[in-house]
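**Student:** Model the following, please.
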Amino acid sequence: MIFERFLSSAEAMQVLDERAFVQAMLDFEAALALAQSDLGAIPEGAGAAIAAACRVERFDIDAIVADGARTGTLAIPLVKQLTAAVAAGHGDAAAFVHWGATSQDVLDTAQVLVTRRVLALIDRDLSTLIGALLQAGGQHGEAPLLGRTLLQPAQVISFGFKLATWIAPLVRAQTRLRRVGSAALQLQLGGAVGTRAAMGEHGDAVLAHMARQLRLREPPAAWHTQRDELVALACELGLLAGSLGKIAKDVSLMAQGEVGELAEPSGDGRGGSSTMPHKRNPVASMVALSAALRAPQHVAALLAAMPQEHERGLGGWQAELAEFGALLACVHGAVAALALAGSGLQVDRERMRRNIDALQGLVFAEALAMRVAREIGKAAAHQWVESLSRQAVARGAPLREVAAAALQGDERLRAAISSDELAALFDPHAPAAHASTCSRPQLAALAVQHEELRRDAPWQPWLP
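**Tutor:** Take a look at the predicted model:
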């Protein structure tokens with residue numbers, strides 16, 4: 001657990017810890033008893049007596065875990081302790097603890113309750129990250145930046161163009177998480193085989209009452225072995241982890257000392273080294289990249305656990321309980337880390353320009369070739385500029401100077417392409433402006449979507 005905490009967030013770990021999960025189980029038991037008491041399924045007053053005992057501080061969690069390992073479920077020792085607690089103060093009510101429910105009802109609902117709280121954290125910090133990146137676009141979006149393909153210099157883009165590729169998947173992820181989450185956050189109440197037969201005529205009414213009380217979706221039926229909606233949520237969390245990992249990969253590469261275009265915020269020992277005082281490690285990117293590596297394994301395990309046997313699975317459901325919490329922890333760790341880094345992201349526009357200039361104008365070779373192609377054809381122009389590029393590299397000279405000399409030696413090209421036009425082909429602001437023309441409408445639309453998502457935060461009531 002030490003590395004789980006190291007790569008997650010304190011808030012997520014608190015929501016997912018043993019104490020919080022046991023309290024979520026007790027919240028289910030309290031809601032069940034109150035609903036049954038209100039509807040006459042158990043004696044009047046029994047519900048209040050049971051609910052009053054559902055306080056986690058009264059329970060021996062270590063004993064619940066130890067006994068659960070022997071019984072095959074945490075629900076049995078929890079119900080045993082709850083029954084004893086109720087019996088100590090209201091003997092008659094103890095007989096109605098966990099009335100008509102089954103172990104999976106309490107565990108699935110508890111999982112949903114803690115998941116909702118972590119989703120609230122993820123949603124909040126995702127909004128913070130998106131807002132920070134949009135702000136960076138407003139401040140530095142027009143800055144020329146070296147575009148890179150296959151880890152090699154390609155052409156000039158704008159920083160805003162890169163930001164749009166970061167932000168768009170995050171906005172889509174937040175939208176999908178809310179939609180898929182609203183379906184997955186549902187009450188589980190089916191009894192022994194999903195029919196609620198032990199509750200008789202009260203079963204459907206108890207379900208509706210509990211769903212309202214816990215503010216969960218009322219499912220059309222028990223979903224003991226229908227795991228698709230919960231796993232769909234896991235898949236969306238996995239996609240988000242991947243999108244966060246892409247941002248972290250770019251930031252960490254751009255923050256390398258030899259590149260120096262971006263830097264994560266520092267201070268208070270953040271990103272330091274145990275031996276090298278000069279180090280400034282991108283620790284937020286590290287956390288997000290670790291989540292991008294780990295999340296697919298958790299999602300794969302949840303997908304693998306879906307073929308559950310008959311009316312209650314053996315092994316698959318239990319594995320799912322462990323994997324889902326780990327997935328939530330690592331994804332929130334990534335979102336929280338990048339939200340903090342994004343809010344203090346340092347952009348070095350001058351270094352971006354120097355990195356372009358350091359390439360001897362070679363990144364403008366395509367622009368030069370396209371212009372020359374209008375005079376001598378595409379194939380000949382490509383061959384001509386390729387030869388000039390090799391000369392520039394061999395001589396350590398700017399491609400623009402080599403091209404200017406070559407133009408003077410070619411009467412046809414000299415007459416067609418002026419020195420001013422040649423200079424314009426090597427101006428980094430021209431391709432950056434083109435990239436901004438592509439990204440500016442997208443960033444504006446993303447900003448509108450972000451504001452709408454920020455105003456309508458469905459899980460905000462469950463923030464700590």
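
**Student:** so K246 sits right up against I167, yeah?
**Tutor:** No - applying Cβ atoms under 8 Å, one finds K246 not in contact with I167, separated by 11.4 Å. Any C-beta I mention is one placed from the backbone N, CA and C, and that applies to glycine too.

**Student:** These two: who's more crowded?
**Tutor:** Between K246 and I167, counted using other Cβ atoms under 10 Å, the more crowded position is I167 (28 against 15).

**Student:** OK, contacts around the nearest residue to A46 once chain neighbours are set aside?
**Tutor:** Leaving aside its chain neighbours, A46 sits nearest to A93 (4.0 Å; criterion: Cβ to Cβ, 6 or more residues apart in numbering). Going by Cβ atoms under 8 Å, 6 or more residues apart in numbering, A93 touches 43, 45-46, 49-50, 86.

**Student:** what do you get for V56?
**Tutor:** 19, 22-23, 26.

**Student:** same deal with R55?
**Tutor:** 23, 26.

**Student:** can we see that at 10 Å?
**Tutor:** Shown in contact with R55 (Cβ atoms under 10 Å, 6 or more residues apart in numbering): 23, 26, 30, 85.

**Student:** all strands of the stretch 51-200 of the chain, in order?
**Tutor:** 144-149, 152-158 (DSSP state E, counting those that start in this stretch).

**Student:** Packing partners of the helix or strand encompassing L34?
**Tutor:** Per DSSP states H and E: L34 is located in helix 18-38. Under the contact criterion of 3 or more Cβ pairs under 10 Å, 6 or more residues apart in numbering; DSSP states H and E, helix 18-38 touches helix 10-16, helix 46-52, helix 61-71, helix 75-89, helix 103-140, helix 203-214.

**Student:** Buried residues, stretch 208-226. List them.
**Tutor:** 209-211, 213-214, 216, 219, 222-225 (16 or more other Cβ atoms under 10 Å).

**Student:** Pick the one among those closest to I356.
**Tutor:** L216 (53.8 Å; Cβ to Cβ).

**Student:** Quick check, pLDDT for the nearest residue to the closest one once chain neighbours are set aside.
**Tutor:** Nearest non-adjacent residue to L216, counting by Cβ to Cβ, 6+ apart: L187, 4.5 Å away. For L187, the pLDDT comes out at 98.

**Student:** picking up where we left off before, quick one: average confidence on the helix holding L34?
**Tutor:** On average, helix 18-38 scores 97.

**Student:** of the contacts of R55, closest to L78?
**Tutor:** The closest of the contacts of R55, once distances to L78 are taken by Cβ to Cβ, is L26, at 7.5 Å.

**Student:** what about the closest one, neighbour count?
**Tutor:** 23.

**Student:** Was I right to think it contacts I61?
**Tutor:** No - counting by Cβ atoms under 10 Å, L26 stays clear of I61, with 11.2 Å between them.
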